[in-house]
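*Asks:* have a look at this prediction, sequence included:
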Amino acid sequence: MDEKGYVFTPATLLLLIPVIIVAIAYSGILNELNMASNVVIGGDVTSTTALNVFNSMEKGTSDAGRSAAFNTTRKVIDEHKFFPNTGNESSSKAYIKERILYTMNDYIIQSCKDMEVQTGREIYLNGESVTNTTTQLIYPEDITITQENPYGFYVIIRGGIPIRVTQKDQSYEGVTPTIKVPVSIQGLEDPYIWLNTNYLNSNLIFSYPEYKEGAINPYNFDLTVDKPNHRIQFLWDCLNGTGNPSDIGNRPYYFPDEHGLSFFDRLENRTNATSTAAPNARFSSFIIGDPLYNYHNTSYVSRLDHEYFTYSPSNPPTVTDIKIKYTGTDYSFADPTGSTFYISTYYLNYFQLKANY
C-alpha cells in the first residue's frame, strides 16, 4: 500500500520494474550523449575558429590594401615627388605591398588574439603561435599584387599556408586557401594630375559611367549633339565629371584606354611608352582648362592627360578642335571652364568622334 492507500499487487510491481530499469539506462545514455555533444560542439568551435581566421585574413587584406593605396598617393602629393621609374619593376607597387603587409599583419594578429580569448583555443598560422610578442604572420613571399582592370588591383595571399587550432584533445590542422582580395582605387586623388599641373589641378579617380564595354562605340561621347548649347553628350558629361566634390573645380571622369596609364604608372610618372602594365589595366582622363599654357607657350595641345603632359614643341601631335555647326556658324566645342577642347587626330578617331557636327 502506498501513502495514498493504494495497494500494489505483485503484478503491478512486475510492471514497474522495467520502467525503473529503462529510466536508469536512459540516464546513462543521456550522460553519454552529453559527452558526445560536448565533443561535437568543441570540434565545431575549433573548425569555426579556423574559418574565422580565413575571414580575418580576407578582411584585413581588404582594409590594408585600400589604406596602403591612399597613403601611397598622399606620399607622392605631400612630398611633391613621384616614385622612381625602375624599368620593369614597379617601385610604387613594392611600397604598397610593404604597407599592406604591415597593416594586414596587425589586423590578423589582433583578430587571432581576440579569437583565442573568446574560444579558449590556441592558434598557429604559418608556423607561428599567436602571442603577445608576435609581430608577423604573413611575409612578403606570401602575397602578390596584380592589376586586371583600371579601377583597382588585387592582393593575392598564396594558398597552402599552414594553420592549426588546438584545445585539449581537439585540433584542426590544415592549410589556407588562396585568398584573392579586390582593392578599389576609386575616389583616390591622382598624383599624376596634381604634380604635372604644378599643383594647379586636382582630380579624383572615378569611372566614366557611360562607357559600355564590348559595344561598337564603347565611349558614347557623341551619342547626342546639343547644338543650341554647343555641347556633345556624353563628352561634356565626361569633362564635367563627378559633380565637383568638395567644390574644388571640375574633376573629369576616367575611362579605360589601352594606350593610357595604370594606377602604378601614375605614381611613377611613366609615359604610355614606358608603361609595363597590361592594356586592360590602363586608363586616361582629360585636362580641364589649360594649366600649362605658359609652359607649352600655346593652347593648341591635346587635352588627353598623357598627351597634354608629354607635349613637345619640337614634335607636337596633329591636333584638332571639334566644331559644332549651328545656324550657319561654327562653334568650337569647349570644356566646362570655357576653354577650347583640343584632341589629337589619333584619339579623335579612337573615340569615334568627328571634327565637325
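*Replies:* Received, thanks.

*Asks:* buried residues in stretch 97-107?
*Replies:* By neighbour count on 16 or more other C-beta atoms under 10 Å, the buried set for stretch 97-107 is 97, 99-101, 103-105, 107. C-beta: built from backbone N, CA, C; applies to glycine.

*Asks:* same list, the residues you listed, but as CSV with pLDDT please.
*Replies:* Putting these into CSV (pLDDT from 0 to 100) gives the following:
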residue, pLDDT
Lys97, 98
Arg99, 97
Ile100, 98
Leu101, 97
Thr103, 96
Met104, 96
Asn105, 96
Tyr107, 96
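
*Asks:* let me know the closest of these to Asp257.
*Replies:* Lys97 (25.6 Å; C-beta to C-beta).

*Asks:* so where's the stretch 151-300 of the chain shaky on pLDDT?
*Replies:* Counting by pLDDT under 70, the ranges of the stretch 151-300 of the chain that qualify are 243-249.

*Asks:* what about 50?
*Replies:* Judged against pLDDT under 50, the stretch 151-300 of the chain has no low-scoring part.

*Asks:* where exactly do the strands run in it?
*Replies:* For the stretch 151-300 of the chain, the strands defined by DSSP state E, counting those that start in this stretch cover 152-157, 162-167, 170-175, 179-184, 222-226, 231-234, 255-261, 283-284.

*Asks:* helices or strands next to the third one in the packing?
*Replies:* Put plainly, it is strand 170-175. Strand 170-175 is packed against helix 10-79, strand 162-167, with contacts defined by 3 or more C-beta pairs under 8 Å, 6 or more residues apart in numbering; DSSP states H and E.

*Asks:* same question, the longest one
*Replies:* Strand 255-261 is packed against strand 283-284, helix 305-309, with contacts defined by 3+ C-beta pairs under 8 Å, 6+ apart.

*Asks:* re earlier: lowest mean pLDDT across the helices and strands packed on strand 170-175, which one is that?
*Replies:* Mean pLDDT values for the helices and strands packed on strand 170-175 show the minimum at helix 10-79, a mean of 67.

*Asks:* Arg266 contacts Leu188, correct?
*Replies:* No: if you go by C-beta atoms under 8 Å, Arg266 and Leu188 don't touch, sitting 10.2 Å apart.

*Asks:* the more surrounded of these two?
*Replies:* For Arg266 versus Leu188, neighbours defined as other C-beta atoms under 10 Å are more numerous around Arg266 (30 against 17).

*Asks:* who's in contact with the closest residue to the more buried one other than its chain neighbours?
*Replies:* In space, and not counting its chain neighbours, Arg266 is closest to Tyr192: 3.5 Å by C-beta to C-beta, 6 or more residues apart in numbering. When contacts are counted by C-beta atoms under 8 Å, 6 or more residues apart in numbering, Tyr192 touches 261, 265-267, 269, 305, 309.

*Asks:* out of those, which are buried?
*Replies:* Judged by 16+ other C-beta under 10 Å, buried ones among the contacts of Tyr192: 261, 265-267, 269, 305, 309.

*Asks:* how much space between Glu327 and Lys97?
*Replies:* One correction, residue 327 is Thr, not Glu. 59 Å (C-beta to C-beta, to the nearest Å).

*Asks:* my error: substitute Thr320 in the last question.
*Replies:* Counting by C-beta to C-beta, the gap from Thr320 to Lys97 is 43 Å.

*Asks:* can you check Ala277 too?
*Replies:* Distance, Ala277 to Lys97, using C-beta to C-beta: 16 Å.

*Asks:* same check, this time on Gly338
*Replies:* From Gly338 to Lys97 the distance is 43 Å (C-beta to C-beta).

*Asks:* again, but for Thr61
*Replies:* Note on Thr61: its distance to Lys97, by C-beta to C-beta, is 11 Å.

*Asks:* just to revisit the earlier point, would JSON lines of the buried residues of stretch 97-107 with secondary structure and distance to Thr345 be doable?
*Replies:* Shown next, in JSON lines, are those (DSSP: H, G, I helix; E, B strand; the rest coil; distance: C-beta to C-beta, whole Å):
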{"residue": "Lys97", "secondary structure": "helix", "distance to Thr345": "40"}
{"residue": "Arg99", "secondary structure": "helix", "distance to Thr345": "42"}
{"residue": "Ile100", "secondary structure": "helix", "distance to Thr345": "42"}
{"residue": "Leu101", "secondary structure": "helix", "distance to Thr345": "46"}
{"residue": "Thr103", "secondary structure": "helix", "distance to Thr345": "46"}
{"residue": "Met104", "secondary structure": "helix", "distance to Thr345": "47"}
{"residue": "Asn105", "secondary structure": "helix", "distance to Thr345": "51"}
{"residue": "Tyr107", "secondary structure": "helix", "distance to Thr345": "51"}
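
*Asks:* this completes my enquiry, with thanks.
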